[in-house]
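Chemist: Sequence unavailable; structure follows:
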């Protein structure tokens, strides 16, 4: 009997050993892949414990912060104003993250901010993970002004500081309230007006007449044309049996400069044909219209191949070809003219700090890029000044400080709706400036676009002074 | 583990047990206090741990008087697991805490009653085996007729007998009676079973007249259990039966044949019963049905994964996502909150307990009934632990048996403690007898006869 008892004991011991090994298998070997499963309810619980960092504007005002319920210890995310949604984005347990919340997710959650020892101590003490803070270049006042001016109108506004290239405002409408995202998600997703789309950075629109500043700049730079060249040809352009008219007052247009000031498209068709496709494409490249700006949050742009595949340089030159641009890209064009032909690198994240750490500045990714000669740029600036004083963008000029700008129409989409554009800048007097781009969907009102542009530029000028 | 060293003095036994109980008490009290702190409970909610301490001290004092030569490892292991279980019930199913604490006290009293009232020769158990058998059958029949399910679900298996507010699972007592019966029967008949052979063709079999009553009894129990769809208990009984048959005869053929039978029963069960199909399907591949039929087992595996090495800390994990975590899945809750170390600790405690029981069986091999009884108890506790641990680890199909001493469940606690009482009685009797020397009959006469 003892022999069988010993064998039985050995068999039991072996079975317990197998159980122990299986414990190790699920608890160590398979642990990570199991915990990553969608149906792991601990993910949501863990997520609710994270003390996500705060997002500030350039003046230290809170844009988004995590509030902890003292009873449950669970955290929820609160946003200061719906106006910041297009740039700050959203953070939702169910629907993920967007905008800066997505781009800076790891830092805001505190991933990698502790060394292995600190991480172990935190884990053993069961302390919640604490994330780092992020400071944006956004100015809450300018952002609020931009959002307010867009109310009831689909479109986008981008405001940059010059020469730093800091994004002072990035508005997109219609937008959403990130505080109510979870309740209204289905509605937001189904909305044909796409409130979750960031039109300022990812909306790609026909540039239409607003491209004239690039084409004319390139033509002046190459010497193929001069501002005072006379023009007796047609002023409106025809696109697929549709007429793209002068956005401004075409009475008395006699020169190329006059045509620009009134935003008449036809002369630019000819100008581009004279320049040739290669030089038009080179100009688009120089002005950054064929590459997505490195902003930190998602941006879009068409590629050179897409533009080439689409059509001839003449149609491209009136902004109705294969080239589509985002409001952010056009704001950078305005910033390039404000800085005498140098386009700044764009920047949205100003600084970050680890929990209890000091703020650390974030370097802009990239260097200023030359677009055209200083003389050509000055000639363009002069024309933009006149366009804002008495031309197509005159609605932008209110008050004493001079606005430099341009506005125009673009035909858009299969239904040939019209969009209105404005780009422009204002100088601060100390070598600094603010530049802006405005896009209004489904609007032929360049005055309104210019007015919004002027308002946000004045607001931004106050902000950087 | 099996080395028979010189018998320690009663003082040494008492000292060893006291030190081990102290270590267990430190663990149990510390965890319970931590739970109170984590949950921000009032301090008076610590009272169950007071009951536990009283039980532990009372047990130690009484055992020192009644069983001075007992195995000093057993009580600390059992009380550690029992105290841990109490903390877990409080953690996982607070409404059941009072009930479980009362059951623990009842169980300890029952254990002490067993060791005080039963003389060392255990003759009353051995001699009246058919009475016990009959009692078991009656109990089972009563469950079949009057059985209820405390949850009130009309379609849930009715495995309980209810007396007003107290519900009792007769299969737990049946398990005990089965072990006693088998130990008694096999102790008497095993030599005849082993030596007598009937030739049927190429096969040599024991005479049917000896095996028949046992097989009949087993068959009867199995039919009733399957009738009640309590398949965990049915497989547990079957495995206990096989192991005791193997121990008494030394013939591995019984085990092989028996396991084949169990496999065949599994196939039949798979085809006939939805509950078996569910358990087998979710064992083989739970992943496609993780949110549906296999929710429980997948959530259990997630708990094991979430625990890591050190666990998330008592009260700080999320094991309550597993349905009925406090009874069937208590092992997963331990793994989540005490980590791999805690779960391995439980495995170690149970393994040592089983090995101590089998060691007692080896030491007492001069008395076949005592030996087989100890072996049966060891096998019962071991197989039950292994079934449920393997089940929640997706190592075997899930069977709804309890983790001895740890899971919520009064009947299981009571029967396990009675088994431990018998085991302690056997270790003490064996140690006294072997110290006294002489033949079995002499020692029995000298020491135990009135």
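Modeler: Sure, I can see it. Fair warning: this is a prediction, and the values are worked out from it, not measured in the lab.

Chemist: What sits closest to residue 410 if chain neighbours are left out?
Modeler: Just going to use chain A. If the residues on either side of it in the chain are set aside, residue A:410 comes closest to residue A:208, at 2.4 Å by C-beta to C-beta, 6 or more residues apart in numbering or on different chains. Just so you know, the C-beta spots here come from the backbone N, C-alpha and C atoms, and that holds for glycine as well.

Chemist: wait, chain B
Modeler: residue B:103 (3.5 Å).

Chemist: So that neighbour sits against residue B:412, correct?
Modeler: No - Residue B:103 is not in contact with residue B:412 according to C-beta atoms under 8 Å; the separation is 9.1 Å.

Chemist: Okay, helices next: where are they in the stretch 101-250 of chain B?
Modeler: Along the stretch 101-250 of chain B, the stretches classed as helices by DSSP state H, counting those that start in this stretch are B:123-127, B:129-146, B:170-195, B:208-227, B:231-249.

Chemist: Pick out the shakiest of those, pLDDT-wise.
Modeler: Note on the helices of the stretch 101-250 of chain B: lowest mean pLDDT is at helix B:208-227, with a mean of 69.

Chemist: Tell me which residues touch residue A:337, please.
Modeler: A:213, A:217, A:377, A:380-381, A:384, A:404, A:425, A:435 (C-beta atoms under 8 Å, 6 or more residues apart in numbering or on different chains).

Chemist: Next: residue B:381.
Modeler: B:350, B:353-354, B:357, B:404, B:416, B:419.

Chemist: Could you look up the SS state of it?
Modeler: With DSSP: H, G, I helix; E, B strand; the rest coil as the basis, residue B:381 sits in helix.

Chemist: So for it, what's the pLDDT?
Modeler: 97.

Chemist: repeat for the one 3 residues further on
Modeler: As summarised for this prediction, residue B:384 has a pLDDT of 96.

Chemist: hang on, it packs against residue B:237?
Modeler: No - in this structure, residue B:384 is not within contact of residue B:237 by C-beta under 8 Å, at 10.3 Å.

Chemist: can you tell me the helix or strand for the residue nearest in space to the middle of chain A?
Modeler: Residue closest to the average C-alpha location in chain A (C-alpha atoms, centre = their mean): residue A:201, at 3.2 Å. Assessed by DSSP states H and E, residue A:201 sits inside helix A:199-202.

Chemist: Mind giving me the packing neighbours of that helix?
Modeler: Here helix A:199-202 touches strand A:155-162, strand A:167-173, helix A:327-338, going by 3 or more C-beta pairs under 8 Å, 6 or more residues apart in numbering or on different chains; DSSP states H and E.

Chemist: any idea which helix or strand comes after the longest one?
Modeler: If I follow you right, that is helix A:327-338. Downstream of helix A:327-338 (by DSSP H and E), the next one is strand A:342-343.

Chemist: Give the other helices and strands that that following strand contacts.
Modeler: By 3+ C-beta pairs under 8 Å, 6+ apart, strand A:342-343 packs against helix A:327-338, strand A:369-370.

Chemist: got a list of contacts for the next helix or strand after the last one?
Modeler: Scanning the chain past strand A:369-370 towards its C-terminal end, the next helix or strand to appear is helix A:374-390 (assignment: DSSP H and E). Residues outside helix A:374-390 that contact it (C-beta under 8 Å, 6+ apart): A:213, A:216-217, A:220-221, A:227, A:248, A:257, A:260-261, A:263, A:336-338, A:340-341, A:371, A:393-394, A:396-397, A:402-407, A:424, A:450, A:454.

Chemist: can you check stretch A:228-245 too?
Modeler: So stretch A:228-245 is contacted by A:208-209, A:246, A:250, A:253-259, A:262, A:264-267, A:269-270, A:315, A:318, A:320, A:409-411, A:416 (C-beta under 8 Å, 6+ apart).

Chemist: Stretch A:140-153 too?
Modeler: By C-beta under 8 Å, 6+ apart, the list of residues contacting stretch A:140-153 reads A:57, A:59, A:61, A:63, A:80-84, A:87, A:156-157, A:159, A:168-173, A:175, A:440-441, A:443, A:448, A:452, A:455-456, A:459-460, A:462-463.

Chemist: What subset of these is buried?
Modeler: Among the contacts of stretch A:140-153, the ones that count as buried by 16 or more other C-beta atoms under 10 Å in any protein chain shown are A:57, A:63, A:80-81, A:83-84, A:87, A:156-157, A:159, A:168-173, A:175, A:440-441, A:443, A:448, A:452, A:455-456, A:459-460, A:463.

Chemist: Close to chain B: what parts of chain A are there?
Modeler: A:1-6, A:8-9, A:12-13, A:15-16, A:18-20, A:22-24, A:26-28, A:30-32, A:34-35, A:37, A:39-42, A:45, A:124, A:126 (C-beta under 8 Å from any C-beta of the partner chain).

Chemist: that older thread, measure how far the helix holding residue A:201 is from the centre of its chain, please.
Modeler: Averaging C-alpha positions (C-alpha atoms, centre = their mean, to the nearest Å) puts helix A:199-202 5 Å from its chain's average.

Chemist: For the helix or strand following it, name the packing helices and strands.
Modeler: Following helix A:199-202 in sequence order, the next helix or strand is helix A:212-222 (DSSP H and E). Helix A:212-222 sits against helix A:256-261, helix A:266-275, helix A:277-286, helix A:327-338, helix A:374-390, strand A:403-412, with contacts defined as 3+ C-beta pairs under 8 Å, 6+ apart.

Chemist: For those, give me TSV that also has mean pLDDT.
Modeler: Putting these into TSV (pLDDT from 0 to 100) gives the following:
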stretch	mean pLDDT
helix A:256-261	93
helix A:266-275	88
helix A:277-286	90
helix A:327-338	96
helix A:374-390	93
strand A:403-412	93
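
Chemist: State the number of residues packed around residue 115.
Modeler: Went with chain A since none was named. 8 (other C-beta atoms under 10 Å in any protein chain shown).

Chemist: Chain B is the one I meant
Modeler: By other C-beta under 10 Å, neighbour count at residue B:115 equals 22.

Chemist: so who does it touch?
Modeler: Contacts of residue B:115 (C-beta under 8 Å, 6+ apart): B:62-63, B:66-67, B:421, B:424-425.

Chemist: Which members of these are the farthest-apart pair?
Modeler: B:62 and B:425 (12.6 Å; C-beta to C-beta).

Chemist: So between those two, which is more surrounded?
Modeler: More crowded of residue B:62 and residue B:425, by other C-beta under 10 Å: residue B:425, with 25 against 16.

Chemist: any idea which helix or strand carries the more buried one?
Modeler: Using DSSP H and E, residue B:425 falls in helix B:410-436.

Chemist: so what does that helix touch, helix or strand wise?
Modeler: Partner elements for helix B:410-436 (3+ C-beta pairs under 8 Å, 6+ apart): helix B:74-92, helix B:97-117, strand B:166-168, helix B:170-195, helix B:330-363, helix B:368-392, helix B:440-443.

Chemist: what is the mean pLDDT for it?
Modeler: 90.

Chemist: If we go by neighbour counts, what in that helix is buried?
Modeler: Within helix B:410-436, the residues scored as buried using 16+ other C-beta under 10 Å are B:410-434.

Chemist: Stretch B:76-91 now?
Modeler: Buried residues in stretch B:76-91, counted by 16+ other C-beta under 10 Å: B:76-91.

Chemist: and it, what's its mean pLDDT?
Modeler: On average, stretch B:76-91 scores 96.

Chemist: show me the contacts for residue 360.
Modeler: In the absence of a named chain, chain A is used. Counted by C-beta under 8 Å, 6+ apart, residue A:360 has contacts A:351-353.

Chemist: Chain B is the one I meant
Modeler: B:71, B:374, B:378, B:423, B:426-427, B:430.

Chemist: farthest-separated two in those residues?
Modeler: B:378 and B:430 (13.9 Å).

Chemist: In this structure residue B:161 contacts residue B:142, no?
Modeler: Yes - at 6.4 Å, residue B:161 and residue B:142 qualify as touching, with contact defined as C-beta under 8 Å.

Chemist: and the residue in the stretch 151-300 of chain B that chain A sits nearest to, how many neighbours?
Modeler: Per C-beta to the nearest C-beta, residue B:250 is where the stretch 151-300 of chain B lies closest to chain A, at 4.4 Å. Using other C-beta under 10 Å, residue B:250 has 16 other residues around it.
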